[in-house]
Each structure stands twice: as C-alpha cells, then as structure tokens.
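>>> 3D, please:
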Amino acid sequence: MIPQLIEKVRQHNLFITFADKNPQAFLAHVFIQDDTLQVGFYDADKQRMTTFVVDGNRTDRIDDQEVLLKDGNILPLELNKCVIIPAAAKKIFSDTAKKEFPKETQQKFFAILQQTPEGPIYNMTALTASFKTLNIKISAVDGAVKKFSCESLTSF
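Numbers count the residues shown, from 1 in each chain. Okay, here's the model as predicted:
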C-alpha cells in the first residue's frame, strides 16, 4: 500500500515539477489519518518539508514548510526495510493501548511512518475521550513496541 502510494505521488506532475527543482529532497515520512495520506519530502539544505496529499484519486501539494529541528536530523525513510503494513501496526497499537491503558477510549487517530536512527517506526497517536494523547512507537521492521505513553493534553 505505502510503496504504491509513494509511486503514485512520484508519477504525478506536481511531484515531477517539484523533483526537477529540488533533486536533493528525500522521502522523509508518510502521515496517515482516516483515508488521507500525506507523503513528505525533506530538503536538508533548505530545511523545508514539501508534502503531497493523496485523498482517493486526488493528489495535491502543500506549500513548503520550514522545519524546526529539536532532536537531531530528519533522516531518509528506508521504505525497503518496512515489513509491517499500516493495518498490522494499527492492530499492534490497539492491542497495546487496551493492555496498557484499558480505561482510555480513542476518539481521533493518526500515524506517521518515519525514520529513526534505530530504523523506521510508526509513531502512532490517538486523542482520547478523557483529553489525553496516547502515543505508541512501533517498529516498521518487526512490529515491536518501542515506547508508549499516555499524557494529559493539559500537560502540553
């Protein structure tokens, strides 16, 4: 699913024009929410992210956005190492959430497939009915849960 989505973006005229002007930009993330997918390409020289939104048969480009780096550099997504598909990662997320935070009811959900120094991960977040953020990081290589937390939105 994700490799086909990225290929669809790369074949689109909006991306071809972008890539001609930004040959150094690399695939940095895939954002998933409901039926909408966003594919982000990062230009390290300019420190800007360009995102392509795929919603059904429609592909749009979001204007480049400046990226403020907090914890290191943005790494190229090693898609070839991603074995776990989004649906399987979502099941791991749900199972872990039920086990670790059984009283929390999920309302909104989104996921980001991104690269870390340890490998590609799904950084999955749900907003809960009790105004908390439930975050679980899952390896896209083997499905291992790397980290989980549940924090009140008022602590942000």
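
>>> For the residue most central in space within the chain, which non-adjacent residue is closest in space?
Geometric centre of the chain, nearest residue: residue 112, 1.6 Å, by C-alpha atoms, centre = their mean. Spatially, and ignoring its direct neighbours in sequence, residue 112 is nearest to residue 123 (4.6 Å; C-beta to C-beta, 6 or more residues apart in numbering). Where you see a C-beta, it was placed from the backbone N, CA and C, and this is true even at glycine.

>>> By residue count, tell me the biggest helix in this structure.
Counting residues, the longest helix found in the chain (DSSP state H) is helix 86-100.

>>> in that helix, what counts as buried?
Residues of helix 86-100 classed as buried: 86, 89, 90, 92, 93, 96, 97 (neighbour count, 16 or more other C-beta atoms under 10 Å).

>>> same deal with stretch 6-13?
With burial defined by 16+ other C-beta under 10 Å, the residues of stretch 6-13 counted as buried are 6, 8, 9, 12.

>>> Can you check the pLDDT for the residue lying closest to residue 78 once chain neighbours are set aside?
Closest residue to residue 78 apart from its sequence neighbours, by C-beta to C-beta, 6+ apart: residue 120 at 5.5 Å. Per-residue pLDDT puts residue 120 at 98.

>>> so residue 120 touches residue 143, yeah?
No: with contact defined as C-beta atoms under 8 Å, residue 120 does not count as touching residue 143 (11.7 Å).

>>> ok, these two, which is more surrounded?
Per other C-beta atoms under 10 Å, whichever of residue 120 and residue 143 has more neighbours is residue 120, with 22 against 14.

>>> For that one, give its distance to residue 84.
For residue 120, the distance to residue 84 equals 9 Å [C-beta to C-beta, to the nearest Å].

>>> between those two, what contacts are shared?
139, 140, 141 (C-beta atoms under 8 Å, 6 or more residues apart in numbering).

>>> Please list all residues in contact with the last one.
What it means is residue 141. By C-beta under 8 Å, 6+ apart, the contact list for residue 141 reads 81, 82, 83, 84, 119, 120.
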